[in-house]
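K.L.:
Provide a 3D model corresponding to the input given below.
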Amino acid sequence: MTKTQREKLLALPDREDETVRYHSLTSDDLAAIAQSRMPETRLGYALQLCCLRYPGRYLRRGEFLPGIMLDHIAEQVGADAEAISLFARRGATRYEQLAAIKQRHGFRDFTRPTRAELAAWAEREAVGLTDGRVLLDRLIERMRAEQIIIPGISVVERMAAAAMHAADAAVVAEINSLLSDAQRLQLDALLSDKIHVRQSRLSWLREPPSRVGGRPLLELLDKLTLVRTIGGDVVVSRPGLGPRMAQMAKEGSLYTAQAFQQMGPARRHTIMMATLSELGIALTDGALTMFQSLVGRANLRARKRLEETIAASAEQGRTRLTRIADVLDALVRTARKDGDIKAAVTAIAALDVVEADAAIIRRTIRPGRPDVLGELSHEHRVFKQIGARLLASFTFEGRRASQPLLSAATVLRDLGGDWRKSLPASLPLGHIERRWYRHVFKEGSVDRTYYELVTFFALSNALASGDVWVPTSRIHRSLDTLLTPASPATNLPPSRLPTVPVVGAETYIEARAAELDAALLATARGLSGKDVAMFTGGKLRFPKEQKDNEAEGAGAVSAAIYRLMPRVRITDMLDQVDRWTGFTSQFGHVSTSLPPDNIRAFMATLIAEATNLGLSRMAEISGAGSRRALLRMQTWHMREDTFRAALAGLTDAIHAEPLSAWFGEGWRASADGQAFYLGGPGEAGGAVNAHYGRDPIVKIYTTITDRYAPLHQKVIAGTAGEAIHSLDGILGHESSVNVAALHVDGGGASDIVFAVMHLLGLSFEPRIPRLSDRKLYAFEPKARYGPLAPLFGHRLDAGLIRTHWEDVQRIIQALRNRVVTPSLILKKLSAYRQQNSLAAALREIGRIERTLFTLRWFEDPELRRLVTAELNKGEAKNSLSRAVAFHRLGRFRDRGHENQASRAAALNLVTAAIILFNCRYLGRVVESMRRRGTAFDERIIPQLSPLGWDHINITGDYVWSDHLMVDGEGFLPLRIDAS
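P.N.:
Take a look at the predicted model:
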């Protein structure tokens with residue numbers, strides 16, 4: 001632990017709530033204290049007693065006592081706090097009182113038998129833990145509960161460390177004893193067998209697929225088969241070892257084959273089994289996700305082919321129709337003259353050409369709209385290649401309504417892809433939607449090509465919605481499993497959501513129905529007083545906000561203030577921020593939890609990731625270490641959990657800056673996605689979003705507070721809806737910020753998202769595109785609302801909400817307790833078919849909230865301005881991110897999602913450091929201007945932004961200054977004198 005962490009563990013309480021909680025004396029305590037005659041001895045007795053209870057140690061000679069603690073205890077014993085100075089001089093009295101306190105109140109010293117007893121308890125407790133600091137906290141709590149006086153913190157720390165090591169050895173021995181000799185040989189073969197000269201079989205197993213396709217999917221299934229053959233997909237162990245096995249899997253994912261070979265056999269085999277267990281889950285998720293991608297790609301290609309056919313037909317149609325018209329004219333003329341019809345036709349065009357024209361015209365004038373399903377037969381080849389193998393590799397389970405689909409999948413699995421076998425007579429058909437009928441049923445029989453296609457497409461949709469699941473998957477688990485808390489419970493801190501009282505369905509419906517009815521009536525009555533342009537064509541109109549001239553004036557003042565900021569390299573800037581916050585100490589080693597031993601090498605790695613420069617180039621120009629030294633920092637210290645903890649520290653530091661309070665109240669947040677193009681090996685993992693051009697992209701979806709502090713970031717697909725991921729940031733951050741309102745752009749702001757946000761107690765205020773085209777909803781008949789009647793959809797179904805209220809509350813409770821990732825459950829709920837009643841109930845709740853929000857948006861121009869201003873902060877932060885990640889044309893070249901996530905986390909952390917640096921120095925500039933009497937309008941301060949970067953050298957100069965010119969407080973000099 002760091003020095004600060006050690007001091008905090010056994011620190012005296014310095015907050016009023018802690019002092020009252022731990023240092024309130026009982027009547028028995030006061031009776032014992034009253035036996036001392038002098039005020040100073042009564043106060044000394046009480047202080048020593050309270051200190052032994054909490055933090056559980058002796059009061060040290062000459063120790064500084066927090067004023068709140070001293071005053072609280074002195075008040076209870078009827079003594080003046082100043083009397084403590086007299087007691088401090090009486091050493092003999094102090095020791096006499098300690099002996100009396102131990103005897104009367106049952107406190108025990110830390111003896112050898114006590115130590116052995118605690119060590120045995122700690123070893124048992126450590127088996128289910130992976131963080132030694134958690135064990136240390138529990139050990140200290142145990143000693144307090146047992147009234148064992150805590151010795152020096154280093155003694156307890158060594159006990160916790162010894163217990164963690166002993167537990168690790170015990171788990172290794174237990175798992176290793178379960179392995180057969182054959183399994184051990186297979187595990188060693190993964191290290192020694194080579195796919196080719198430079199790649200071990202273990203490396204091949206862990207290699208991410210290079211692209212989406214039939215062969216890559218079959219390769220994933222080959223890998224999964226190998227893992228299952230060894231038995232790594234299921235590690236048999238007693239309950240309680242889950243966290244320890246997960247930690248070993250995390251370590252194993254980073255070890256090379258050579259590193260494994262250097263371990264002892266028992267530890268090597270145990271870690272490899274844990275790694276293969278986790279790898280089996282990842283391969284299952286990867287295979288199912290790629291299958292869904294193949295379905296999506298097939299649909300996209302068929303749609304594109306249909307569009308091309310229609311376009312080609314339109315271009316050639318005029319010529320073809322003209323030719324057919326000429327043929328018809330010739331036929332009429334020849335028929336009237338009883339001439340040679342064949343000669344008349346062939347004089348215009350060959351009979352084959354006329355026949356082809358007729359066939360094309362018939363195809364283009366088929367009844368109904370153009371059907372993309374008719375083009376899917378060209379995509380069957382890939383499903384013929386992978387279908388039977390995929391179905392045989394997994395056990396699919398589902399709801400009762402999905403049984404026809406599961407039966408159809410079983411039929412195709414049993415056929416094994418052998419087209420010499422005929423389809424059985426009793427074929428499951430209940431999963432086929434009506435739009436597929438004319439393709440599946442042809443001439444009284446079932447077309448096998450389309451039967452397989454409809455089954456695979458239905459299976460993909462059912463996996464997405466949760467109607468069908470795979471028990472061995474993490475992403476595609478059943479809804480019940482997703483909502484069930486893990487056992488043992490995780491050590492995640494509680495979510496920081498607003499407290500919402502739990503009410504019954506009837507109470508909720510009555511309250512929301514009354515509020516909705518009142519809001520709709522008020523809006524309907526108020527239309528006559530509105531500008532006519534705000535309600536025309538049977539739609540509510542939302543005028544664009546006027547440009548803020550005051551903000552334009554603030555830009556000039558902001559530029560002038562930024563000119564006074566100190567100029568600094570990005571390296572020295574990060575060094576200063578680390579001295580303020582110690583964020584690098586959060587990047588513990590995956591095995592030892594120790595912080596990086598070479599801070600400059602670590603920071604060089606962080607900058608290389610954030611700026612997209614790459615480790616090789618950074619090693620060449622920074623002098624902070626070799627490429628391998630930087631790679632070690634990246635491999636062993638940079639993980640999702642360490643980035644999250646470090647970002648939380650910077651977020652809290654930004655909110656603690658006095659200047660940041662000018663930017664917002666601290667309880668609002670906004671989320672926005674930023675597209676990053678992919679290049680090189682990374683292109684295969686991206687998706688093409690037509691909004692951003694033809695190149696593949698990924699998005700970094702970032703949540704920031706109204707004080708510009710980044711809370712969270714997540715890499716999502718380039719075509720993914722965004723709003724379902726916004727809750728990941730609100731529930732997934734570790735800072736002390738309590739968010740109560742969330743603003744997002746319109747992408748993905750569905751009715752289900754509205755429902756979940758409201759039930760979690762969040763005020764959800766998105767900027768929805770084409771809001772005037774959205775329907776309003778009410779429990780009452782729409783005629784009740786007069787001129788608003790044309791805007792309404794169906795009446796809200798209160799019965800549906802009542803029926804599923806308990807299920808809805810279960811989902812909300814799981815989200816509050818961080819049992820499931822919000823985006824995962826929201827994605828499944830949003831993908832449910834309309835007939836799924838739980839999803840339908842959530843949509844009804846969401847329609848209530850969206851209608852209320854629409855009315856607020858219509859009535860309140862201040863809300864429209866506020867939401868726009870908050871979203872502009874996120875867009876401005878995106879500009880800073882783009883400026884930081886500028887190397888290699890700003891294109892991510894990472895192949896795997898994990899590598900892209902690490903780069904995104906590094907980028908977010910560095911931008912947070914820049915924001916904190918700017919907040920602190922902008923505050924110093926403003927204070928300096930005030931002291932000097934420089935005239936400026938302080939109303940401009942909220943218009944400032946801590947997102948400037950011109951004064952920070954981000955590009956190319958990646959060396960550290962050994963001797964920075966700083967003042968007595970450690971700050972760089974401002975450029976006020978120079979200006």
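
K.L.:
show me where the stretch 351-500 of the chain has helices.
P.N.:
Here the stretch 351-500 of the chain has its helices, by DSSP state H, counting those that start in this stretch, at 351-364, 380-393, 403-415, 437-440, 448-465, 479-482.

K.L.:
now for those, which one comes closest to residue 109?
P.N.:
Each of these has some distance to residue 109 by CB to CB; the shortest is helix 479-482, at 49.2 Å. The way it works is simple: take the backbone N, C-alpha and C, and place the C-beta from them, glycine included.

K.L.:
export the helices of the stretch 351-500 of the chain to CSV and append columns for distance to residue 900 and mean pLDDT.
P.N.:
Formatted as CSV, the helices of the stretch 351-500 of the chain follow (distance: least, CB to CB, whole Å; pLDDT from 0 to 100):
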stretch, distance to residue 900, mean pLDDT
helix 351-364, 44, 79
helix 380-393, 26, 95
helix 403-415, 33, 94
helix 437-440, 39, 91
helix 448-465, 22, 93
helix 479-482, 25, 83
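
K.L.:
among the ones you listed, which is the most enclosed?
P.N.:
With neighbours taken as mean count of other CB atoms under 10 Å, those reach their highest mean count in helix 448-465, at a mean of 22.

K.L.:
list the helices and strands that one packs on?
P.N.:
Judged by 3 or more CB pairs under 8 Å, 6 or more residues apart in numbering; DSSP states H and E, helix 448-465 is in contact with helix 265-336, helix 380-393, helix 403-415, helix 437-440, strand 468-469, helix 822-831.

K.L.:
what's the average pLDDT for the first one?
P.N.:
Here the mean pLDDT over helix 265-336 is 87, rounded to a whole number.

K.L.:
equivalent analysis for the shortest one, please.
P.N.:
Mean per-residue pLDDT for strand 468-469: 94.

K.L.:
how many other residues sit next to residue 112?
P.N.:
Residues near residue 112, counting by other CB atoms under 10 Å, number 7.

K.L.:
which pLDDT value belongs to it?
P.N.:
Listed pLDDT for residue 112 reads 93.

K.L.:
for residue 909, what are its contacts?
P.N.:
By CB atoms under 8 Å, 6 or more residues apart in numbering, the contact list for residue 909 reads 583, 606, 610, 643, 646, 647, 650.

K.L.:
likewise residue 952?
P.N.:
So residue 952 contacts 567, 568, 569, 570, 573, 914, 917 (CB under 8 Å, 6+ apart).

K.L.:
mind running it again at 6 Å?
P.N.:
Taking CB atoms under 6 Å, 6 or more residues apart in numbering, we find residue 952 in contact with 568, 570, 573.

K.L.:
need the helices of the stretch 351-500 of the chain in JSON lines with distance to residue 273, can you?
P.N.:
As requested, the helices of the stretch 351-500 of the chain are exported to JSON lines (distance: least, CB to CB, whole Å):
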{"stretch": "helix 351-364", "distance to residue 273": "59"}
{"stretch": "helix 380-393", "distance to residue 273": "21"}
{"stretch": "helix 403-415", "distance to residue 273": "29"}
{"stretch": "helix 437-440", "distance to residue 273": "46"}
{"stretch": "helix 448-465", "distance to residue 273": "28"}
{"stretch": "helix 479-482", "distance to residue 273": "23"}
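
K.L.:
of all those, which one is nearest residue 138?
P.N.:
Evaluated over these, closeness to residue 138 peaks at helix 479-482, with 28.7 Å, by CB to CB.

K.L.:
what packs against the very next helix or strand once past the closest one?
P.N.:
As assigned by DSSP states H and E, the chain's next helix or strand after helix 479-482 is helix 505-526. Secondary-structure packing of helix 505-526 (3 or more CB pairs under 6 Å, 6 or more residues apart in numbering; DSSP states H and E): helix 837-859.

K.L.:
how about a cut-off of 7 Å?
P.N.:
Helices and strands touching helix 505-526, by 3 or more CB pairs under 7 Å, 6 or more residues apart in numbering; DSSP states H and E, are helix 798-803, helix 837-859.

K.L.:
okay, the angle between the longest one and helix 505-526?
P.N.:
This means helix 837-859. Per axes from the mean of the first three to the mean of the last three CA atoms, to 10 degrees, the angle that helix 837-859 makes with helix 505-526 is 30 degrees.

K.L.:
could you look up the SS state of residue 653?
P.N.:
With DSSP: H, G, I helix; E, B strand; the rest coil as the basis, residue 653 sits in helix.

K.L.:
could you report the pLDDT at it?
P.N.:
pLDDT at residue 653 comes out at 95.

K.L.:
ok, now residue 556?
P.N.:
Note on residue 556: pLDDT of 76.

K.L.:
hmm, back to that, closest to residue 22 out of the contacts of residue 952?
P.N.:
Closest approach to residue 22 among those (CB to CB): residue 573, at 40.8 Å.

K.L.:
list phi and psi for residue 63.
P.N.:
Main-chain torsions, residue 63, degrees, to the nearest 10: phi -70, psi 140.

K.L.:
nearest residue to it in space, please, no chain neighbours.
P.N.:
Residue nearest to residue 63 in three dimensions, not counting chain neighbours: residue 12, with 7.7 Å by CB to CB, 6 or more residues apart in numbering.

K.L.:
so that neighbour, which of the three states?
P.N.:
Judged by three-state DSSP, the three-state class of residue 12 is coil.

K.L.:
hang on, residue 716 in a helix?
P.N.:
No: Residue 716 is assigned strand when assessed by three-state DSSP, not a helix.

K.L.:
pLDDT wise, what is it at?
P.N.:
Confidence score, pLDDT, at residue 716: 87.

K.L.:
state the distance from it to residue 612.
P.N.:
19 Å (CB to CB, to the nearest Å).

K.L.:
so these two - more neighbours on which side?
P.N.:
More crowded of residue 716 and residue 612, by other CB under 10 Å: residue 612, with 22 against 19.

K.L.:
need the contact list for the more buried one.
P.N.:
With contacts defined as CB atoms under 7 Å, 6 or more residues apart in numbering, the neighbours of residue 612 are 885, 887, 888, 890.

K.L.:
got a winner among these for most neighbours?
P.N.:
Result: residue 885 is most packed of these (other CB under 10 Å), 26 neighbours.

K.L.:
tell me the centre residue of this structure?
P.N.:
Central residue of the chain (CA atoms, centre = their mean): residue 728, 4.3 Å from the mean position.

K.L.:
give the burial count for the closest residue to that one other than its chain neighbours, as a bare number.
P.N.:
Counting by CB to CB, 6+ apart, residue 823 is the residue found nearest to residue 728 once chain neighbours are left out, at 5.1 Å. Residues contacting residue 823 under the criterion other CB under 10 Å number 23.

K.L.:
ditto for the one 5 residues further on
P.N.:
Residue 828: 23 surrounding residues under other CB under 10 Å.

K.L.:
report pLDDT for residue 712.
P.N.:
Per-residue pLDDT puts residue 712 at 92.

K.L.:
quick one: the host helix or strand of it to helix 822-831, angle?
P.N.:
With secondary structure defined by DSSP H and E, residue 712 is part of strand 710-717. Between strand 710-717 and helix 822-831, the angle comes out at 50 degrees (the same axes, to 10 degrees).

K.L.:
give me the sheet partners of strand 710-717 and which way each runs.
P.N.:
Within its sheet, and counting by DSSP bridges, strand 710-717 is paired with strand 696-705 (antiparallel).

K.L.:
show me the domain layout of this structure.
P.N.:
Domain assignment for the chain, taken from automatic domain parsing, gives 3-105, 112-176, 193-386, 387-482, 550-645+900-953.

K.L.:
hmm, back to that, looking at the contacts of residue 909, which one is closest to residue 204?
P.N.:
For these, the nearest to residue 204 is residue 643 (28.3 Å; CB to CB).
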